[in-house]
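Participant: fold the following for me, if possible:
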Amino acid sequence: MKTVLEVIQATTAYFEKHSVESARLNIEHLLAHVLGRKRMELYLQFDRPLSDSELAPLRELVRRRVAGEPLQHLLGTVEFLGQTFLSDKRALIPRPETEQLVELILAQKIHPRRILEIGVGSGVIALSLAAKFPEAAVEAVDISPDALDLARQNAEKLGLSERIRFHLGHLLNPVEGEFDLIVANLPYIASEVIPTLEREVLHDPLTALDGGADGLALLLEFLPAARAHLRGLLALEIGHDQSQRLCDELERLHYRDIRPATDYQGRNRFLFANHG
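Facilitator: Residues are numbered from 1 along each chain as shown. Got it, this is the predicted structure:
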C-alpha cells in the first residue's frame, strides 16, 4: 500500500503533467478531504498507509480535477476572510480579488447601518460584511434562484440568516429605500472573451461572467440606478481595463470622491465613490 507521502508526490507529478496549477496544494486538499482531516494534519501522517477504500474516492477526485473541475467544487467549500463557505456550480467561485474588495471596504472605517449587495452569488461579500458590521441591516440581490439558494445555505451555516434579507431580481429592481453602503461585483467579461477563459472558470455560471459586448453592459445600467438608493459609499469590483471608462461615467452621473484601487498585481480592479 502507498503511504500518504507517496500518494502526494505521485499525484503532484501527475497534476503538473496535466497543467494543474498549485499541483501539490491541490492533492493535499483533496487527500485531506477524503480522509476527513485538516490539510496540515497530513504532515504528521506521511508514513500512514492508505487503503483501497480511501484511494478509490481520491482517484475519482483526481480524475475530475485533471478534467478541469475546480478544486472548490470538488471540496464543496471555499475559504474567504477566515470563514468557510459552501461552493458549487450554482454561483461564481470567489477569487482573491473579491476578498481584497472586502478588505478595502473595511479599511474605509465606515459604520453603515444599511448594506446592499447586488449580484450576491454564494454570499461571501454580503455575509462577510454582516459579520464585520453586526449592527447593520444587510440586503442582497441576485437574478439567479440557484445562487440565492446557495447564499441562503451559507447564511444558515454561518448563523447569519436573521441578519440578511435576500431578493430575487434584476439589479436594484427588488429593493426599496436608501443604503449607506452598496457593493457590486457584477459580470464584467466581454462576451467574445468567455470561450477563451481557463477551463476552471468556465465551470462558473455564464450569467455570473458575461458582461455583454464590451463587458460593461450591467455596470452601465447599474450606476445610474444606484443613485436613487445610495447615501454613502459605492464599492465595485471591475475588469482591469475598465477603470477609466467607469470613472468617467461616475463623474458624469455626479458621484463624488471617485477613486480607483489596485489589486495585488497592481491593476485597477476596484472603484469607490460616494453619493448622496
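Participant: from here on, just use CA atoms for contacts and neighbour counts.
Facilitator: Fine.
Participant: low-confidence ranges in the stretch 51-200 of the chain?
Facilitator: Regions of the stretch 51-200 of the chain meeting the criterion pLDDT under 70 are absent.
Participant: before we move on, what SS does residue 270 have?
Facilitator: At residue 270 the chain is in strand, as set by DSSP: H, G, I helix; E, B strand; the rest coil.
Participant: list the contacts of stretch 8-27.
Facilitator: 28, 62, 65-66, 71 (CA atoms under 8 Å, 6 or more residues apart in numbering).
Participant: let's see 10 Å
Facilitator: Stretch 8-27 has contacts (CA atoms under 10 Å, 6 or more residues apart in numbering) with 2-3, 5-7, 28, 30-33, 39, 42, 46, 58-59, 61-63, 65-68, 70-72, 200.
Participant: list the contacts of the residue lying closest to residue 176 once chain neighbours are set aside.
Facilitator: Spatial nearest neighbour of residue 176, excluding adjacent residues (CA to CA, 6 or more residues apart in numbering): residue 229 at 7.5 Å. With contact taken as CA under 10 Å, 6+ apart, residue 229 is in contact with 116, 172, 175-182, 275-276.
Participant: now the buried members of those residues.
Facilitator: 116, 172, 175, 178-182, 275 (16 or more other CA atoms under 10 Å).
Participant: farthest pair in these?
Facilitator: Spatially, the most separated pair among the buried ones among the contacts of residue 229 is 175 and 275, at 17.5 Å (CA to CA).
Participant: quick one: the residue lying closest to residue 145 once chain neighbours are set aside and residue 238, what's the gap?
Facilitator: Spatial nearest neighbour of residue 145, chain neighbours left out: residue 168 (6.7 Å); criterion: CA to CA, 6+ apart. To residue 238, residue 168 is 23 Å away according to CA to CA, to the nearest Å.
Participant: rewinding a little: buried subset of the contacts of stretch 8-27, written for PyMOL?
Facilitator: The following PyMOL line selects those of those that are buried, judged by 16+ other CA under 10 Å:
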select buried, resi 5+6+7+28+30+31+32+33+39+42+58+61+62+65+66+68+70+71+72+200
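Participant: before we move on, back to that, looking at the contacts of residue 229, which is nearest residue 192?
Facilitator: Looking across those and measuring by CA to CA, the closest to residue 192 is residue 172, at 26.5 Å.
Participant: assign a three-state SS to that closest one, would you?
Facilitator: Quick answer, by three-state DSSP: residue 172 is coil.
Participant: residue contacts, it?
Facilitator: With contact taken as CA under 10 Å, 6+ apart, residue 172 is in contact with 116-119, 140-142, 222, 225-226, 228-229.
Participant: could you export these as CSV, including secondary structure and distance to residue 162?
Facilitator: CSV is the format used below for the contacts of residue 172 (DSSP: H, G, I helix; E, B strand; the rest coil; distance: CA to CA, whole Å):
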residue, secondary structure, distance to residue 162
116, strand, 15
117, strand, 16
118, strand, 19
119, coil, 20
140, strand, 13
141, strand, 16
142, strand, 18
222, helix, 27
225, helix, 27
226, helix, 25
228, coil, 26
229, coil, 22
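Participant: widest-spaced pair of these?
Facilitator: It's 142 and 228 that sit farthest apart of the contacts of residue 172, by CA to CA, at 18.7 Å.
Participant: residue 15 sits in which helix or strand?
Facilitator: helix 4-17 (DSSP states H and E).
Participant: residues of that helix that come out buried?
Facilitator: 4-8, 11-12, 14-15.
Participant: so which pair among those is furthest apart in space?
Facilitator: The largest separation in these, counting by CA to CA, is between 4 and 15 at 16.2 Å.
Participant: which residue ranges of the stretch 1-150 of the chain form strands?
Facilitator: 77-80, 83-86, 114-118, 137-142 (DSSP state E, counting those that start in this stretch).
Participant: which neighbouring elements make contact with the second one?
Facilitator: Translated: strand 83-86. Packing partners of strand 83-86 (3 or more CA pairs under 10 Å, 6 or more residues apart in numbering; DSSP states H and E): helix 71-75, strand 77-80, helix 124-132, helix 145-157.
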